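Chemist: Curious how this folds, go ahead:
(one chain, ligands or ions: 1)
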Amino acid sequence: MIRVTVEVTPRPYDVVIGHGARRELAHEVARVAPGAKMAVVVSQRSVEESGWLDQIDPGIEHHVVLIGEGEDDKSLSTVELLCRRFVELGISRHDLVIAVGGGMVSDVAGFAAATYHRGIGYLTVATTLLAQIDAAVGGKTAVNLPEGKNLVGAFWQPLAVLCDTEVLSTLPPAEWACGRGEMAKYAFLGPDTPSAEILSLGIDEQVARCVAIKADIVADDEREQGRRMILNYGHTLAHALEAIGLEHRAQGNEDRVAGLRHGEAVAIGVIFAALLSRQMGRIDDDRVELHREVVRRFELDTEIPPGLDATDLVVAMERDKKAHHDLTFVLDGPRGVEPVLGVDRDDVLATLVEMGAHR
Ligand code: GLY
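Modeler: Residues are numbered from 1 along each chain as shown. As a prediction, this is how the structure comes out:
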């Protein structure tokens with residue numbers, strides 16, 4: 001197994017990566033929470049149906065609670081239901097939550113753990129590539145409000161994260177594409193010249209490389225006061241595409257934007273960010289081409305889905321302002337990738353039109 005330590009204070013924790021890492025759960029529980037007598041395993045029907053849940057053994061008394069799978073289930077009502085179930089089961093401040101699933105499960109179960117009894121310990125067994133290389137690591141937990149995604153949450157670091165790469169063998173192609181989009185993002189965040197060289201490694205090493213980049217950034221800026229924002233490279237456009245996709249799905253429109261997965265949207269967002277950087281004179285044509293080459297090597301789309309309106313996209317971006325009141329992007333430049341505040345709306349519109357959006 002590969003271990004990557006996330007050096008947060010006061011309690012650093014390990015991400016354990018490898019084929020069969022889920023079988024380390026009892027050992028990790030005994031190591032990080034020796035006083036725990038009981039655990040609630042929070043998961044979803046799809047994980048149960050895949051058979052992986054049967055093999056989850058925390059080594060102490062445990063009870064499985066399933067949450068819904070839809071974006072609507074990522075809500076305060078689900079957190080309330082979970083916490084009420086914790087009370088019924090008699091979960092104490094020294095007991096544990098164990099999230100088994102993708103990013104939605106660790107977000108919701110992690111937030112319930114962050115707030116139940118003012119905070120109890122949790123571990124995550126991450127079952128998707130996206131969760132293993134991003135969502136489960138770094139302690140961001142959150143649920144949605146009707147007004148937007150991830151608007152209520154907490155920074156609450158897990159006690160340990162298990163990334164079982166064997167579980168990825170049953171991952172559907174769409175979930176792989178989703179994880180690959182986030183992996184492509186990391187190519188631009190490390191100290192080396194961006195490349196898709198990571199794809200030549202085995203899957204354990206691919207996951208470990210991404211986790212190590214994220215661990216370094218999180219240790220430096222746990223609460224996203226600055227540097228951690230670079231983990232959102234490609235995300236401003238991605239969130240706008242996802243918001244419009246959600247609207248299309250609600251209208252019964254099954255077009256390309258409606259079917260875009262998070263990581264796929266991030267990949268398009270990375271290309272958009274490169275073009276916007278060039279529009280602002282921060283990088284040159286070669287650097288934009290490098291972005292395209294890298295993203296294509298991950299077999300991901302680099303184009304905005306057809307038929308979208310540039311102004312609608314900007315409006316969606318302006319609505320997604322968690323940290324700042326103006327248009328903020330993470331952009332490449334002479335010092336590498338960094339947050340850039342107060343980007344001119346006209347530059348954003350021009351770049352969207354360059355990518356084929358309607359003016
Ligand atoms: N997914 C971005 C972060 O954890 O900061």
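Chemist: Quick check: residues of the chain near the ligand?
Modeler: Residues of the chain found near the ligand, taking C-beta under 6 Å from any ligand atom as the criterion, are D134, G138, K140, R228, L231, N232. All C-beta spots, glycine's among them, are computed from the backbone N, C-alpha and C.
Chemist: How about the contacts made by the residue nearest in space to the middle of the chain?
Modeler: Among the residues of the chain, the smallest C-alpha distance to the mean C-alpha position (C-alpha atoms, centre = their mean) belongs to A135, namely 3.4 Å. A135 makes contact with G102, G103, S106, D107, A126 under the criterion C-beta atoms under 8 Å, 6 or more residues apart in numbering.
Chemist: Need the per-residue pLDDT for it.
Modeler: The per-residue pLDDT reported for A135 equals 96.
Chemist: mind checking how far it is from E24?
Modeler: When C-beta to C-beta, to the nearest Å is the yardstick, A135 and E24 sit 20 Å from each other.
Chemist: picking up where we left off before, which two among the contacts of A135 are spaced furthest apart?
Modeler: The distance between the two most remote of the contacts of A135 (C-beta to C-beta) is 11.6 Å, for D107 and A126.
Chemist: neighbour-wise, which of these two wins?
Modeler: Set side by side, D107 and A126 show unequal neighbour counts under other C-beta atoms under 10 Å, the larger going to A126 at 33 against 24.
Chemist: pretty sure the more buried one is in contact with I98, am I right?
Modeler: No: A126 is not in contact with I98 according to C-beta atoms under 8 Å; the separation is 11.5 Å.
Chemist: got a list of what the closest residue to M1 other than its chain neighbours touches?
Modeler: Spatial nearest neighbour of M1, excluding adjacent residues (C-beta to C-beta, 6 or more residues apart in numbering): G18 at 4.0 Å. Under the criterion of C-beta under 8 Å, 6+ apart, the contact list for G18 reads M1, I2, C163, D164, T165, D204.
Chemist: quick one, phi/psi of G18?
Modeler: Note on G18: its backbone torsions stand at phi 160, psi 170 [degrees, to the nearest 10].
Chemist: Report pLDDT for it.
Modeler: On pLDDT, G18 comes in at 98.
Chemist: Could you report the distance from it to the ligand?
Modeler: Counting by C-beta to the nearest ligand atom, to the nearest Å, the gap between G18 and the ligand amounts to 22 Å.
Chemist: what about the spatially closest residue to R359 that is not a sequence neighbour, how many neighbours?
Modeler: What sits nearest to R359 in space, not counting adjacent residues and going by C-beta to C-beta, 6+ apart, is V353, at 5.1 Å. Around V353 sit 12 other residues, with neighbours defined as other C-beta under 10 Å.
Chemist: Sounds good, over and out.
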